[in-house]
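K.L.:
coords below, sequence missing:
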Ligand SMILES: NC(=O)c1ccc[n+]([C@@H]2O[C@H](COP(=O)([O-])OP(=O)(O)OC[C@H]3O[C@@H](n4cnc5c(N)ncnc54)[C@H](OP(=O)(O)O)[C@@H]3O)[C@@H](O)[C@H]2O)c1
């Protein structure tokens, strides 16, 4: 029977790439996000490529909406063996001193409470499958802090704490918990969301960086971790572009304006 994988934030970037990749690996993918039209297009693309996927419109900040996702999982054509908590993002690059409380609230709601809500809702199905995997897409921002990143790093540290705590609490049950921590990934929307649609500011993040990660690189890491034999738990996978030795140490070429 086909195993079912749920991917949140599947309407763009890392989530969409992960949905495509997991479908190619043979999962029936439940692609979840708020923008229904994008999900429909993604499902059509996956189906045309010979894969299986279902679009599930879902806002992970809503209990009711996440209950709908759990219901869709219950109706899916196979055991639910994989949950990828990918939906999330950053807003703003302001110092703690003057950061917007609303931006911090949004980041906490989506990255932290969204992961909590979706994980709680899907845990029974994952456990019932006999071998469930929970992936948490946090960030290198969940391991270290940087100036202007206070709200995002606080949220990602909290998300990282959820993964670690959950692994301890679930020990002895047929469930594994994997944390993926990407560094700089060049996706179409992450920077636009962070800088309220300011494309120039968003592009400057990657300016002059030879070979930032792309969404498919992270999808590859997720797929590799999730397809190890069931007794193998990759606790944490940190992945950065070769040009980014640390959060503050990025190799750039040419004349570039920096804001990091
Ligand atoms: N890009 C990077 O450099 C980078 C580095 C490290 C970690 N990450 C993490 O990787 C994940 C994906 O990032 P990305 O670069 O692929 O960004 P992205 O393209 O902006 O994707 C974010 C996804 O989250 C979804 N989302 C946002 N709010 C949601 C909500 N309330 N309910 C359901 N879905 C929601 C969005 O879909 P809708 O708007 O359609 O709902 C979108 O599909 C995030 O957790 C991010 O923090 C990114």
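P.N.:
Here it is on my side, so go on. Here the structure is a predicted model, which is why all the values come from computation and not from measurement.

K.L.:
now do the residue in the stretch 51-200 of the chain that the ligand sits nearest to: how many residues are near it, please.
P.N.:
Using C-beta to the nearest ligand atom, the single residue of the stretch 51-200 of the chain nearest to the ligand is residue 88, 2.6 Å away. Quick note: C-beta positions are derived from backbone N, CA and C, even for glycine. Residues near residue 88, counting by other C-beta atoms under 10 Å, number 26.

K.L.:
check residue 244 too.
P.N.:
Using other C-beta under 10 Å, residue 244 has 18 neighbouring residues.

K.L.:
do the one 5 residues further on as well
P.N.:
By other C-beta under 10 Å, 9 other residues sit near residue 249.

K.L.:
residues in contact with it?
P.N.:
By C-beta atoms under 8 Å, 6 or more residues apart in numbering, residue 249 lies in contact with nothing.

K.L.:
for it, list each beta-bridge partner.
P.N.:
Each beta-bridge partner of residue 249 is listed here: residue 246, as defined by DSSP bridges.

K.L.:
need the per-residue pLDDT for it.
P.N.:
Among the per-residue scores, residue 249 holds a pLDDT of 96.

K.L.:
quick one: contacts for the residue of the stretch 51-200 of the chain closest to the ligand?
P.N.:
Neighbour list for residue 88: 9, 107, 110-111, 114-115, 137, 155, 159 [criterion: C-beta under 8 Å, 6+ apart].

K.L.:
those residues in helices, which ones?
P.N.:
Among these, the members falling in helices (DSSP state H) are 107, 114-115, 155, 159.

K.L.:
possible to save the residues you listed as a markdown table with pLDDT?
P.N.:
Output for those, formatted as a markdown table (pLDDT from 0 to 100):
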| residue | pLDDT |
| --- | --- |
| 107 | 98 |
| 114 | 98 |
| 115 | 99 |
| 155 | 98 |
| 159 | 98 |
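
K.L.:
any idea whether the residue of the stretch 51-200 of the chain closest to the ligand is helix, strand or coil?
P.N.:
coil (DSSP: H, G, I helix; E, B strand; the rest coil).

K.L.:
the one 10 residues further on too?
P.N.:
Taking three-state DSSP as the rule, one finds residue 98 in the coil state.

K.L.:
quick one, phi/psi of the residue of the stretch 51-200 of the chain closest to the ligand?
P.N.:
Dihedral pair for residue 88: phi 170, psi -170, per degrees, to the nearest 10.

K.L.:
that one and residue 116, how far apart?
P.N.:
Using C-beta to C-beta, to the nearest Å, one obtains 12 Å as the distance from residue 88 to residue 116.

K.L.:
same deal with residue 9?
P.N.:
For residue 9, the distance to residue 116 - C-beta to C-beta - is 15 Å.

K.L.:
these two: which is more packed in?
P.N.:
With neighbours defined as other C-beta under 10 Å, residue 9 and residue 116 compare such that residue 9 has more, 27 against 17.
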